[in-house]
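J.: from the sequence below, what's the structure:
(one chain, ligands or ions: 1)
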Amino acid sequence: MCGIVGYYGPKDPKSVILEGLQTLEYRGYDSAGVAILNGSEYKRIRAEGKLAALADKLADETFDGAIGIGHTRWATHGPPSERNAHPHCIEGVNIVHNGIIENYAELREELMSEGATFSSDTDSELVAHLINKSMKSTGNLMEAVMKMMKRLEGAYSILAVSADAPEEMVAFKNGPPLILGVGEKELVVASDIQAIMPHTNKVIFLEDDEVVYIRKDRYELFNRSGGLIKKEVEVIDWSPEQVEKQGFKHYMLKEIFEQPRAVAQAIDPHINLETKSVALTRVGFGGARVEELPKIDVQEDLQLTNETLEGIERIFIVACGTSYYAGQVGEYLIEQIARVPVECDIGSEFRYRYPVIPENSLVITISQSGETADTLAALRLVKQQGAKVLSICNVRRSSIDREADGHLYMNAGAEIGVASTKAFVSTLSLLQIFAIQLAKVKGVLNQDTEKPFVEALVSLPSQMEKVLVHDKFFEEAASSLKTYRGFLYMGRGVSFPIAMEGALKLKELAYMHAEGYAAGEMKHGPLALIDESMAVVMLVANDELYDKTVSNLEEAKARGGQIISIGSGENQKLQNLSLHYLSIPEAHWTVNPVLQVLPLQLLAYHVASSLGHDVDQPRNLAKSVTVE
Ligand code: M6R
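T.: From the prediction side, this is the model:
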């Protein structure tokens with residue numbers, strides 16, 4: 001999704017804005033631009049394509065002003081091109097916009113009937129027109145933005161500057177995230193904290209309908225009706241190395257290898273290593289790993305008490321994409337461990353299907369970014385109906401985190417690659433902790449019977465390390481794997497959502513057709529797809545469904561399918577049946593999905609990388625999907 005950066009301060013705005021936009025690249029974009037004060041005018045430079053193209057154009061440009069705005073555009077209305085790139089400028093008013101203006105057609109028509117002309121296909125340009133129109137009568141940028149806001153429908157976060165009000169900037173949030181960084185005589189406004197971190201760790205998270213009015217190095221905050229508001233400046237404790245590649249070719253590869261640590265960080269606050277028990281509070285910091293972990297602020301831990309948990313009769317999990325597949329694993333885990341019914345839904349379906357949320361239900365939202373529009377909308381919907389929401393989230397103080405009643409933090413550190421990896425495994429670990437705790441308060445588990453579950457979790461990071469050493473396996477297999485017509489990923493039980501997650505990874509990174517299926521469904525249709533050109537990735541867990549899964553594998557093999565199987569141990573049978581067989585460590589059924597997903601991530605990564613794709617920023621995709 002689009003990225004926004006605005007700067008006022010003593011540093012060179014060109015460098016600050018460009019570097020800020022670079023940190024937002026992971027969000028996905030296809031053009032970029034800046035408008036920076038130079039003399040009494042804003043000089044606007046835009047370019048189609050990657051930031052390098054913009055940097056080339058800016059190389060010889062100098063600016064003498066202290067203020068500017070920049071944007072990376074992820075095309076919605078109109079194709080990626082320089083003319084559609086932001087900032088949009090009308091008579092000295094420059095704006096950048098993230099979101100979608102739903103009533104743009106009618107506003108555009110109205111403006112055109114008044115003689116306005118448009119030089120882009122975007123829904124954003126009209127914002128510059130509307131502000132410019134008011135500026136002409138009032139000469140006041142803040143007033144003009146406030147007036148313009150009242151006309152817009154949809155989701156929109158906007159930054160505006162004007163040559164007629166030099167050294168002023170107005171930022172407005174309604175939907176997509178906006179954060180204000182408050183430095184020493186400098187102010188940074190950005191879509192994400194990463195663009196602010198190099199300058200200051202003091203920030204204000206804007207809520208919807210909040211406006212920041214910047215005049216030189218001063219700022220004031222207002223609500224939508226123009227009332228002055230006060231908000232606390234928060235101090236962020238994030239280490240800069242979390243957002244560097246550290247020698248890896250891609251962020252995604254670095255993040256794949258960070259996963260054992262991500263799991264350790266997710267479970268650590270909730271596990272007592274001595275008693276081998278879980279608690280959804282801050283316990284168990286006695287482990288040796290703790291010294292290695294970055295400082296985590298856990299002031300706001302889970303606020304759901306055991307009494308509340310005891311009363312829960314039904315659970316809904318709502319999420320999108322990879323987080324949704326994590327939720328599906330959660331459905332198996334919670335139902336089997338705690339025996340509480342669970343329904344897992346895709347955010348965009350849930351919010352429009354008029355869901356029935358019975359009393360005593362708990363809704364769990366899962367979101368790495370905490371900004372996914374459909375998941376956020378689902379959260380708001382169920383809260384209106386009186387349900388309690390527990391958020392499993394990576395980005396603290398994100399919209400979903402702020403609006404939920406209870407919080408479980410992934411603690412995975414910054415996830416930059418568009419393809420989600422470490423957030424997924426952290427979530428699976430937290431869902432287990434939650435299921436175990438729920439089972440205890442419901443009397444399904446006790447302090448003795450919970451131990452095997454806890455032990456499995458504690459040894460999970462080291463087992464994950466053992467899987468990651470097989471990185472070369474898929475690197476070598478990638479050149480033959482990339483020649484297949486398609487991939488069918490299959491598993492049974494809790495391996496089924498992992499099959500779907502594996503297929504999603506291959507789709508989004510390698511742009512190859514891949515489908516995840518319940519292996520038991522094969523005869524109901526997908527078997528027809530299988531021939532010599534089809535790769536079949538079979539997840540063979542050593543569980544009660546083992547024999548049935550192997551039969552499915554044999555059926556696929558008999559039709560010519562090229563079998564890649566993931567099993568455990570020296571399984572001769574699987575080796576004989578498969579073109580490629582990868583053995584993962586024998587593990588408790590609850591943690592096995594975490595081990596299974598690692599080879600699938602590596603497979604997708606290496607196939608995509610050998611095809612020469614931009615693994616960190618796959619085409620057409622954005623890291624944080626802030627519009628529906
Ligand atoms: O930030 P979220 O976890 O809410 O994001 C949800 C999906 O957009 C995300 O998982 C997406 O599917 C990833 N690109 C998958 O790798």
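J.: in the stretch 151-300 of the chain, which residue sits nearest the ligand?
T.: Of all residues in the stretch 151-300 of the chain, residue 252 sits closest to the ligand, at 9.3 Å by C-beta to the nearest ligand atom. Heads up, the C-betas are built off the backbone N, CA and C, glycines and all.
J.: grab the nearest non-local neighbour of that residue.
T.: residue 417 (3.5 Å; C-beta to C-beta, 6 or more residues apart in numbering).
J.: give me the neighbour count for that neighbour.
T.: When neighbours are counted by other C-beta atoms under 10 Å, residue 417 registers 22.
J.: quick check, residue 54 in a strand?
T.: No - secondary structure of residue 54 (DSSP: H, G, I helix; E, B strand; the rest coil): helix, not part of a strand.
J.: so it touches residue 25, yeah?
T.: No - Residue 54 is not in contact with residue 25 according to C-beta atoms under 8 Å; the separation is 11.3 Å.
J.: show me which of these two is the more surrounded one.
T.: Taking other C-beta under 10 Å, residue 54 and residue 25 do not tie; residue 54 has more neighbours (25 against 20).
J.: so what pLDDT did that one get?
T.: On the pLDDT scale, residue 54 is placed at 95.
J.: can you give me the distance of it to the ligand?
T.: Distance, residue 54 to the ligand, by C-beta to the nearest ligand atom, to the nearest Å: 25 Å.
J.: which parts of the stretch 251-400 of the chain are strands?
T.: 271-272, 277-278, 314-319, 342-346, 361-367, 388-393 (DSSP state E, counting those that start in this stretch).
J.: quick one on the thing from earlier: can you give me the neighbour number for the residue of the stretch 151-300 of the chain closest to the ligand?
T.: 29.
J.: ok, it - contacts?
T.: 417, 419, 421, 509, 605, 615-616 (C-beta atoms under 8 Å, 6 or more residues apart in numbering).
J.: now intersect those residues with the helices, please.
T.: Applying DSSP state H to these, the entries found in helices are 509, 605.
J.: SS state for residue 612?
T.: coil.
J.: now it: how far from residue 509?
T.: 12 Å (C-beta to C-beta, to the nearest Å).
J.: and those two? Which one has more around it.
T.: Regarding residue 612 and residue 509, a neighbour count based on other C-beta under 10 Å identifies residue 509 as having more, with 29 against 7.
J.: next, the distance between the ends of stretch 385-401.
T.: End-to-end distance for stretch 385-401: 19 Å, by C-alpha to C-alpha, to the nearest Å.
J.: hang on, I meant stretch 154-174
T.: Span of stretch 154-174 from end to end, C-alpha to C-alpha: 8 Å.
J.: contacts only, for the residue nearest to residue 265 when sequence neighbours are not counted.
T.: With C-beta to C-beta, 6+ apart as the criterion, residue 265 has its nearest non-adjacent residue at 4.0 Å, and that residue is residue 411. Residue 411 is in contact with 262, 265-266, 268-269, 296, 394, 426, counting by C-beta under 8 Å, 6+ apart.
J.: in TSV: these, plus distance to residue 69 and pLDDT.
T.: As requested, the contacts of residue 411 are exported to TSV (distance: C-beta to C-beta, whole Å; pLDDT from 0 to 100):
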residue	distance to residue 69	pLDDT
262	35	92
265	36	89
266	37	92
268	41	89
269	39	86
296	33	35
394	28	92
426	35	97
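J.: what's the burial count for the closest residue to residue 493 other than its chain neighbours?
T.: Excluding the flanking residues, the one nearest residue 493 by C-beta to C-beta, 6+ apart is residue 545, at 5.4 Å. Neighbourhood size, residue 545 [other C-beta under 10 Å]: 19.
J.: so residue 545 touches residue 492, yeah?
T.: Yes - here residue 545 reaches residue 492: they are 4.4 Å apart, a contact under C-beta under 8 Å.
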